[in-house]
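> 3D model of this:
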Amino acid sequence: MPLDEDVVASIYRDHGAALRRFVLSASHDPQLAEDVVQETVLRVWQHTPEITGSLRSYLYRTARNIMIDNYRRARRRPAETLESGLTEPAADPERVDELLNRVLVEEALLRLSKEHRDVLVALHYRRFTVNEAAVQLNIPSGTVKSRAFYAVRAMRTILDEMGVER
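Residues are numbered from 1 along each chain as shown. Predicted coordinates:
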């Protein structure tokens, strides 16, 4: 049973801007981004009973699949030329996957407690050593190690709940 129009409108309102940014970061074409977002919401509207886990993760995966389908379709047919004589760039599937992973990890990080997030950011993004992170966060190095262990475990759980496959 498809969603009613109010629910679809709220999905578009709540997630449309984030999806558009995701697609724009892969394609740099505003019209293509809008088309992909609309197609994504349309597919969600058509396949609602099959959604399990996080709606946002499902939306990003659906947008990713649409971009990859568009890329493959564009490679099968002759290149269309723009008025300037250049061909329109298509989204590269590897780049799309990389962007999707980045978005999903960022969303998972936001779901962590502040203490766990701070330790992971210090160790994995800022590339601090345990001792440097301890000084930066003003906690003992043993606490950094313990929080890092539990933070990684929590991240795995969150990513599993979001439907992210390893």
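
> Reduced to three states, what does the most centrally placed residue in the chain come out as?
Centroid check for the chain by Cα atoms, centre = their mean gives residue 103 as the closest residue, at 3.1 Å. Reducing the assignment at residue 103 to three states with DSSP: H, G, I helix; E, B strand; the rest coil gives helix.

> what's the distance between it and residue 154?
Distance of residue 103 to residue 154, computed by Cβ to Cβ, to the nearest Å: 19 Å. Placement of C-beta: from N, CA and C, glycine included.

> try residue 128
Between residue 128 and residue 154 the computed distance is 20 Å (Cβ to Cβ).

> How many neighbouring residues does residue 15 have?
As a burial measure, residue 15 scores 21 neighbours (other Cβ atoms under 10 Å).

> For residue 4, give its distance to residue 45.
Using Cβ to Cβ, one obtains 9 Å as the distance from residue 4 to residue 45.

> if you count what's nearby, which of those two comes out ahead?
In terms of neighbours (other Cβ under 10 Å), residue 45 is the more surrounded of residue 4 and residue 45; the figures are 16 against 9.

> shouldn't that one be in contact with residue 8?
Yes - taking Cβ atoms under 8 Å as the contact criterion, residue 45 and residue 8 are neighbours in contact, 5.0 Å apart.

> Once you drop chain neighbours, what's closest to residue 34?
In space, not counting the residues next to it along the chain, residue 34 is nearest to residue 20; the distance is 6.9 Å by Cβ to Cβ, 6 or more residues apart in numbering.

> Run through the neighbouring helices and strands of the helix or strand hosting the one you found.
Element membership of residue 20, judged by DSSP states H and E, is helix 5-27. Using 3 or more Cβ pairs under 8 Å, 6 or more residues apart in numbering; DSSP states H and E as the contact criterion, the secondary-structure elements in contact with helix 5-27 are helix 30-46, helix 55-76, helix 93-111.

> okay if I get those as JSON lines plus mean pLDDT and distance to residue 164?
Conversion of the helices and strands packed on helix 5-27 to JSON lines gives the following (pLDDT from 0 to 100; distance: least, Cβ to Cβ, whole Å):
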{"stretch": "helix 30-46", "mean pLDDT": "84", "distance to residue 164": "18"}
{"stretch": "helix 55-76", "mean pLDDT": "80", "distance to residue 164": "7"}
{"stretch": "helix 93-111", "mean pLDDT": "79", "distance to residue 164": "5"}
